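>>> kindly return the folded structure for what I paste below:
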Amino acid sequence: QVQLAESGGGLVQAGGSLRLSCVASGRTFSSLTIGWFRQAPGKEREFVGGITWTTTYYADFVKGRFTISRDNAKNTVYLQMNSLKPEDTAVYYCARAPTGRVGTIEREYDNWGQGTQVTVSS
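Okay, the predicted model is just below:
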């Protein structure tokens, strides 16, 4: 069983940056495929990006602005968010992809973290 916990959210002005962390515990981290999702008020949870052992994937709306990386020694996956916009305001979640494949659908993931709030002011 793997447990995931996000941190690093906060309030930032438009154009600013934040780095979110997703710390995993409970099993071999390097073999985990992790996805990032976000959920804005009144909207469905949407795929942001994901990372396998070797490859990263991004939703089109974050390409060029967000970067996902991992530090296996720290059991941590990062979501670096630059050039933030008010529409990026949401609760951000990380989750495990049990198949090892980065999918874009919520049900392809389990072991969700509790989420971290990101608020971007205009």
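>>> give me the phi and psi angles of N82.
phi -120, psi 160 (degrees, to the nearest 10).
>>> Q114 now?
As for Q114, its main-chain torsions (degrees, to the nearest 10) stand at phi -80, psi -10.
>>> count the neighbours of it for me.
For Q114, the count of nearby residues is 11 (other CB atoms under 10 Å). Where you see a C-beta, it was placed from the backbone N, CA and C, and this is true even at glycine.
>>> show me the contacts for it.
Counting by CB atoms under 8 Å, 6 or more residues apart in numbering, Q114 touches A5, E6, Y93.
>>> surely the first one and L20 touch.
No. Contact criterion CB atoms under 8 Å: A5 and L20 do not qualify, at 11.0 Å.
>>> looking at the two, which is more packed in?
Set A5 next to L20 and count neighbours by other CB under 10 Å: L20 wins out with 24 against 15.
>>> any idea what that one is bridged to?
L20 has these beta-bridge partners by DSSP bridges: L79.
>>> same check on E46?
R38.
>>> quick one: it and A59 touch, right?
Yes. Under the criterion of CB under 8 Å, E46 makes contact with A59 at 7.1 Å.
>>> got the phi and psi for G103?
phi -100, psi 170.
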